[in-house]
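[1] Using only what follows, build the 3D model:
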Amino acid sequence: MDTPDFISLIGTLLSFILALCFVYRIVYFLIGLFGRSPVQNATHQCRYGVLISARNEEAVISDLIHSIQGQDYPSDLVTIFVIADNCTDHTASAARNAGAHVYERFNRVKIGKGYALNELLQHIEEDFSLSSFDGFFVFDADNILEPNYITEMNRIFNQGYRVVTSYRNSKNFGSNWISSGYAISFLREARYLNKARMLTHNSCLISGTGFLVHSDILQDNKGWKHHLLTEDIEFSADMILQGETIGYCEDAILYDEQPTDLKTSWNQRMRWSKGFYQVFYHYGWSLLKKTVKNHHFSCYDMFMTLIPGIALSFIGLFFSILPVLLAISDQDAAAYMIDFDLYTIFVGGISGYLSLAFFALVTVLTEWKRIHCQAYKKILAIFTYPLFMATYIPIGVIALVKKVEWTPIPHTCRMDVTAIGQGKEQKNPTSLIR
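    Below is the predicted model:
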């Protein structure tokens, strides 16, 4: 076999192996599309603490606190805690005025949400005791909750799940192609991954914000011990390895603000990509070993969640460097490799665009009523979603070699969740909560 044929064979084999590894996601997609979640009522109203880490969130923190206070769940069973982390604005006073228990933190060495949560839990243990709460919600300061959020999460918590995640919606889907790209990704994850995992009794994954943790877990961990760049994915991997099954509540809806400018989005997703690499480095082998040894499907699913960006980045680097190496020893093979790359990029680009557009189409159609913006913006987002996802390719490659640190993202978007609760379309994502 000559060199060009061998290169073509390698490329085909790699594509086949990756596709085979992800066949189960087709099953998940069908379950997410057609599956129906059973309705089970809660038997007990638990006592909850709410953990909010906020850095310079003066503009939005009170909105979250008010949406928690406005829940249809008994207010005497919910206590709100805020850690104002290295703030230079009036986040602390805004949170206090809104009715939260507030602690301030100033630490320029241990930077990141994980460290802030850990210090907040230490304060709660000293002043209240973690054991006085059944569980703790974790929210970002820019979040807004629908009025039945805690009631619905309590229902799943009562089923025995010690970690529960929720439906992550967007405040500003219709701002532009960047915010809609984020939003579709989170909606896809909720409907076509976590819902399917829940219905097949496999572990779901935590995605950044909007989740509930049993107090026993935090006590056993002596606080919050996950401090990689993506502490949510690290927490998910660790919980799955410890034998926890993370539950999902599709009726607990949380609204989250998404970046709207490319620079902010690029930096945020650079951190996410680097964080995925870190989690893979620390947990990948343990996940794979437990997959093989214990036939643990949730470990396999977690492993396959971590592997795509890493695999694609390395494959991309390999096929980028290969023509240079071949040119040194075999100019004909190098010329073929360049043609092969161009052909692969063209065919892969078209097929990738169509595949992502299809998933965006299905997601937008099935979640249409939950997406709160004008109809034409929902339709336009279907066509721009593949472009948003394509930007992950250079981000993933650069994250392999770039040093990445946690940096705060400004939040200013406010929305009227009461209008949404009444079925009204959210046309202005900067309107105030009433």
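[2] Tell me where the stretch 1-150 of the chain has strands.
    48-54, 78-85, 101-105, 135-140, 144-145 (DSSP state E, counting those that start in this stretch).
[3] wait, the stretch 151-300 of the chain
    Using DSSP E, counting those that start in this stretch, strands in the stretch 151-300 of the chain cover 163-170, 211-214, 247-256.
[4] Nearest to Asp232, out of those?
    Closest to Asp232 of these is strand 211-214 (Cβ to Cβ; 7.9 Å). C-beta here means a position set from N, CA and C on the backbone, and glycine is covered the same way.
[5] tell me which residues in the closest one are buried?
    Phe211, Leu212, Val213, His214 (16 or more other Cβ atoms under 10 Å).
[6] do you know how far the closest residue in space to the last one that isn't next to it in sequence is from Lys289?
    Counting by Cβ to Cβ, 6 or more residues apart in numbering, His214 lies nearest to Arg162, which is 3.8 Å off, once chain neighbours are set aside. Distance check for Arg162 against Lys289: by Cβ to Cβ, to the nearest Å, it reads 24 Å.
[7] Which of these two has more residues huddled nearby?
    In this view Arg162 and Lys289 are compared by other Cβ atoms under 10 Å, and Arg162 has more residues nearby, 17 against 14.
[8] any idea how far Gln219 is from that one?
    Look at Arg162 and Gln219: by Cβ to Cβ, they are 12 Å apart.
[9] What's the first helix or strand after the host helix or strand of Ala360?
    If you go by DSSP states H and E, Ala360 is part of helix 331-366. Downstream of helix 331-366, the next assigned helix or strand under DSSP H and E is helix 375-390.
[10] What are the buried residues along that next one?
    Of the residues in helix 375-390, those buried (16+ other Cβ under 10 Å) are Lys377, Lys378, Ala381, Ile382, Thr384, Tyr385, Pro386, Phe388, Met389.
[11] cool, stretch 238-255 as well?
    Quick answer for stretch 238-255 (16+ other Cβ under 10 Å): 238-241, 244-255.
[12] May I ask which two of those residues are separated the most?
    Leu241 and Tyr255 (31.2 Å).
[13] List the contacts of the residue nearest to Arg188 when sequence neighbours are not counted.
    The spatial neighbour of Arg188 that comes closest, neighbours along the chain excluded (Cβ to Cβ, 6+ apart), is Thr363 at 4.9 Å. The neighbours of Thr363, taking Cβ atoms under 8 Å, 6 or more residues apart in numbering as the test, are Ile184, Leu187, Arg188, Arg191, Tyr192.
[14] These into a markdown table, with extra columns for pLDDT, neighbour count and distance to Phe106?
    Converted to a markdown table, the contacts of Thr363 look like this (pLDDT from 0 to 100; neighbours: other Cβ atoms under 10 Å; distance: Cβ to Cβ, whole Å):
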| residue | pLDDT | neighbour count | distance to Phe106 |
| --- | --- | --- | --- |
| Ile184 | 98 | 27 | 38 |
| Leu187 | 98 | 22 | 37 |
| Arg188 | 97 | 22 | 39 |
| Arg191 | 97 | 21 | 41 |
| Tyr192 | 97 | 21 | 42 |
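[15] Dump these into TSV; add distance to Asn41 as well.
    As requested, the contacts of Thr363 are exported to TSV (distance: Cβ to Cβ, whole Å):
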residue	distance to Asn41
Ile184	32
Leu187	27
Arg188	29
Arg191	23
Tyr192	26
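[16] now, among the residues you listed, which is nearest to Tyr24?
    Nearest member of the contacts of Thr363 to Tyr24, counting by Cβ to Cβ, is Tyr192, at 12.2 Å.
[17] what sits against that closest one?
    By Cβ under 8 Å, 6+ apart, the contact list for Tyr192 reads Tyr28, Phe29, Gly32, Leu33, Phe359, Thr363.
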